[in-house]
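Chemist: with the input below, show me the fold.
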Amino acid sequence: MNKSVLCIFFIVFKVVTLWAQVENEVVPPYNIKTISFTQNTANLIPIFKLGESFALDFDDLFGNEANYYYEIVHCDYNWIPSDIAKNEYMQGFDGQRIQDYTNSFNTLQLYSHYKVAIPNQFTQLKISGNYMLKILNEDKEVVFSRKFILYEDLVTLSIAVKRARTIANIETKQNLDFTIKSNTITFQNPSKNIKVLLLQNGQVNNPIKNVAPQYTIGNDLIYKYDTETQFWAGNEYLYFENKDIRAANNNVSHVDTNSAIYSTYLYTSDARANFPYNFTQDVNGNFVVKNINATNNAVEADYAWVYFSLSAPTFRLNKDIYVGGMFNNYNQTPEYKMEYNTKKAVYEKAILIKQGFTNFQYSIADSKGVLDPENAINGNFYQTENDYTILVYYRENTDRYDRVIGKGVANSVNITN
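Modeler: Numbers count the residues shown, from 1 in each chain. Alright, predicted model coming up:
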């Protein structure tokens, strides 16, 4: 191969590399609310076994039955679109108008509820891996997008949640020891071809990744690191309940029914970093849409302005505090950033949320949205009950895309030393 051919190859490679942009989730506009992946109406972390049925649900507060379309993109381990044709990962086609939508009924806040079922008569997904689901408007502009992951059941994972091995973090972090086994795949060059994704409470956008096997025993891959697989333990999630939107229920101080939309005022939360750990039951960030006086919660549950209040007198970092949970995909946007009330000496924020049972937490992030879990408002305690998920990605030497060949789950309730 002469120099001119090499030069052309290099230029083409650089152009392709530049165009191979990472697919980041597009944050929805103000009118799009309560986005969730569901199975049998239950909200789930968007990790599904290949072939399972699931759906994406969301509300449009404009309530005008707007036309929305969907597009699905297969991505590699790093969320760069895979170098394969659409017909290699999809049977049928996407780009279809969402036809399953219903207007709200008997609610003060009007909205249209949309559902995209996968698979459907037009679209079936054929392979495992990372996927980005994009919702488009009539002009084919992306309104918002969400990640989901499909996996195959080809490996088994043995996972143990342990306290940190580093003395400095033994009280504040949790460590994952795990082993990957397979009776159906003989791993080719596992240090290169195997990748893992470690998630705490299903937070897909805040994982531990790029951890190679520490060593192998035959076809078993062993991960027993001291620091590489540690998570800050955090604290139990806070919650409120307004299934009866006109009554003051769990953690609700009072309700204002004199405004156009109900207002739910929560009790002021104390920053718990300097308090002893105290176990409270939670659902690790999830939420349940529920109206106790309704039969179809998807369209009969109402929205309320929920007023959050946080007392954090020792918070002095030059960073921002956000309210987050699965209800808002943990987004660090101005809509969820708390503001300091100098008269009351507390942080406050009003957020429009669909009624039911909602877990939430207060998190710290800088101006670029980078989280600071080490200085968590509510502290880090090794006793905290957390759910952990590990996904195993595999690409053989001749493959052109990353498969997800296994999923393992564990909980820290029985943490060991």
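
Chemist: and residue 341, how far from residue 85?
Modeler: 55 Å (CB to CB, to the nearest Å). No exception for glycine: its C-beta is placed from N, CA and C like everyone else's.

Chemist: which stretches in the stretch 201-350 of the chain count as strands?
Modeler: For the stretch 201-350 of the chain, the strands defined by DSSP state E, counting those that start in this stretch cover 208-209, 215-217, 220-223, 230-232, 238-241, 252-256, 263-266, 269-270, 287-289, 303-311, 320-324, 339-341, 346-354.

Chemist: likewise for the stretch 51-200 of the chain?
Modeler: Under DSSP E, counting those that start in this stretch, the stretch 51-200 of the chain gives strands at 54-60, 69-75, 90-92, 100-103, 112-118, 123-125, 129-136, 142-151, 156-163, 173-181, 194-200.

Chemist: format these as JSON lines; extra columns: distance to residue 335.
Modeler: Shown next, in JSON lines, are those (distance: least, CB to CB, whole Å):
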{"stretch": "strand 54-60", "distance to residue 335": "15"}
{"stretch": "strand 69-75", "distance to residue 335": "24"}
{"stretch": "strand 90-92", "distance to residue 335": "33"}
{"stretch": "strand 100-103", "distance to residue 335": "24"}
{"stretch": "strand 112-118", "distance to residue 335": "20"}
{"stretch": "strand 123-125", "distance to residue 335": "31"}
{"stretch": "strand 129-136", "distance to residue 335": "18"}
{"stretch": "strand 142-151", "distance to residue 335": "13"}
{"stretch": "strand 156-163", "distance to residue 335": "34"}
{"stretch": "strand 173-181", "distance to residue 335": "31"}
{"stretch": "strand 194-200", "distance to residue 335": "24"}
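
Chemist: what would those look like in CSV with mean pLDDT, mean neighbour count and distance to residue 351?
Modeler: Shown next, in CSV, are these (pLDDT from 0 to 100; neighbours: other CB atoms under 10 Å; distance: least, CB to CB, whole Å):
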stretch, mean pLDDT, mean neighbour count, distance to residue 351
strand 54-60, 98, 21, 14
strand 69-75, 98, 19, 26
strand 90-92, 96, 16, 36
strand 100-103, 97, 15, 23
strand 112-118, 98, 20, 19
strand 123-125, 97, 17, 33
strand 129-136, 98, 22, 21
strand 142-151, 98, 19, 17
strand 156-163, 97, 17, 32
strand 173-181, 97, 22, 29
strand 194-200, 98, 22, 23
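
Chemist: any stretches of the stretch 251-400 of the chain with poor pLDDT?
Modeler: For the stretch 251-400 of the chain, no stretch has pLDDT under 70.

Chemist: chain neighbours aside, what residue packs nearest to residue 162?
Modeler: Spatially, and ignoring its direct neighbours in sequence, residue 162 is nearest to residue 175 (4.8 Å; CB to CB, 6 or more residues apart in numbering).

Chemist: which residues touch the one you found?
Modeler: By CB atoms under 8 Å, 6 or more residues apart in numbering, the contact list for residue 175 reads 161-165, 225-226, 229-231.

Chemist: ok, and for stretch 366-379, which residues are buried?
Modeler: 371, 373, 376-379 (16 or more other CB atoms under 10 Å).

Chemist: contacts for that stretch, please.
Modeler: The contact list for stretch 366-379 (CB under 8 Å, 6+ apart) reads 172, 206, 232, 234-235, 271-275, 277, 310, 312, 315, 317, 319-321, 332, 361-365, 380.

Chemist: are any of these buried, and which?
Modeler: Judged by 16+ other CB under 10 Å, buried ones among those: 172, 232, 234-235, 271-273, 310, 312, 315, 319-321, 332, 361-365, 380.

Chemist: can you tell me how far the nearest residue to residue 170 once chain neighbours are set aside is from residue 83?
Modeler: Using CB to CB, 6+ apart and skipping the chain neighbours, the partner closest in space to residue 170 is residue 164 (5.0 Å). Taking CB to CB as the measure, residue 164 falls 39 Å from residue 83.
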